[in-house]
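**Student:** task: produce atomic coordinates for the following.
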Amino acid sequence: MKFDNFIMIIIFLGFVSFGGILAGVVYFQVETLENALMDVNFTIPIGEGMTPNENLTNFQDIMELVIYPITGLRTSLPYLTYFMIFAFIISLGITAYVSSKNPVFFIVHLLFTFVLTYFSIILSNNYTTLLEQPFINTMMINFNIYNKIMLYLPQVLFFTSLTFGIIAFISIMKPSANKFDSGLNYGGDY
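**Tutor:** Below you'll find the predicted structure:
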């Protein structure tokens with residue numbers, strides 16, 4: 001399909017824009033839940049015929065075994081957003097290299113890149129407005145790299161899309177036969 005690269009750029013833009021905000025909301029909610037659970041503590045009554053366990057004497061001991069290891073996983077959410085962003089950048093490159101078969105694709109790709117860069121400017125400005133609110137700002141404070149990428153989203157999208165469009169255009173110029181002519185020979189087809 002000729003428009004695989006365009007679809008990947010739209011998916012890249014959507015997931016980067018909303019995936020990090022969703023991860024920030026989940027991070028904040030899990031942290032709030034953990035803080036609320038830390039305030040609750042009571043002694044566990046021992047039933048008749050049960051031997052007391054020295055390790056489990058109150059509610060917090062049970063939470064340390066059951067809930068707190070799960071809520072501790074929230075610290076991996078910023079790293080997951082970073083890996084998501086870089087995985088989509090790599091997939092943009094792979095899709096651009098594999099999908100193009102026509103030189104006209106490069107011109108269409110450039111036009112589409114300009115349109116999406118315009119929309120990424122709007123998204124970046126809206127994200128800046130969101131960060132001006134104290135509640136959202138405290139919620140997204142642990143996502144440093146995501147905040148930088150969202151603030152510079154037009155540049156990130158434009159330069160990655162342009163780079164991978166050039167890669168796609170170069171793959172068009174690659175000769176189809178692995179023989180030496182008087183022209184350029186980039187190597188064998190894979």
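**Student:** so where's the chain uncertain?
**Tutor:** Residue ranges of the chain with pLDDT under 70: 1-5, 47-54, 95-103, 171-190.
**Student:** helices or strands up against the lengthiest helix in it?
**Tutor:** Determined from DSSP state H, the single longest helix within the chain is helix 4-39. Using 3 or more Cβ pairs under 8 Å, 6 or more residues apart in numbering; DSSP states H and E as the contact test, the elements touching helix 4-39 are helix 59-66, helix 68-71, helix 77-99, helix 104-131, helix 134-139, helix 144-151, helix 153-173. For the C-beta atoms, the positions are set from N, CA and C on the backbone; glycine is no exception.
**Student:** now tabulate those in TSV and tack on mean neighbour count and distance to residue 25.
**Tutor:** Converted to TSV, these look like this (neighbours: other Cβ atoms under 10 Å; distance: least, Cβ to Cβ, whole Å):
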stretch	mean neighbour count	distance to residue 25
helix 59-66	14	23
helix 68-71	12	15
helix 77-99	17	10
helix 104-131	16	12
helix 134-139	13	7
helix 144-151	17	13
helix 153-173	18	19
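**Student:** what would the ones you listed look like in TSV with distance to residue 32?
**Tutor:** As requested, the helices and strands packed on helix 4-39 are arranged in TSV below (distance: least, Cβ to Cβ, whole Å):
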stretch	distance to residue 32
helix 59-66	15
helix 68-71	10
helix 77-99	14
helix 104-131	19
helix 134-139	10
helix 144-151	20
helix 153-173	28
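**Student:** for those helices, which one sits closest to residue 35?
**Tutor:** Closest approach to residue 35 among the helices and strands packed on helix 4-39 is made by helix 68-71 (9.6 Å; Cβ to Cβ).
**Student:** how far does that closest one sit from its chain's centre?
**Tutor:** Computed by Cα atoms, centre = their mean, to the nearest Å, the chain-centroid distance of helix 68-71 equals 23 Å.
**Student:** for stretch 135-153, same thing?
**Tutor:** 12 Å.
**Student:** quick one: end-to-end length of that stretch, please.
**Tutor:** One end of stretch 135-153 sits 22 Å from the other (Cα to Cα, to the nearest Å).
**Student:** any idea whether the closest residue in space to residue 62 that isn't next to it in sequence is helix, strand or coil?
**Tutor:** Counting by Cβ to Cβ, 6 or more residues apart in numbering, residue 62 lies nearest to residue 56, which is 6.1 Å off, once chain neighbours are set aside. What DSSP: H, G, I helix; E, B strand; the rest coil gives for residue 56 is coil.
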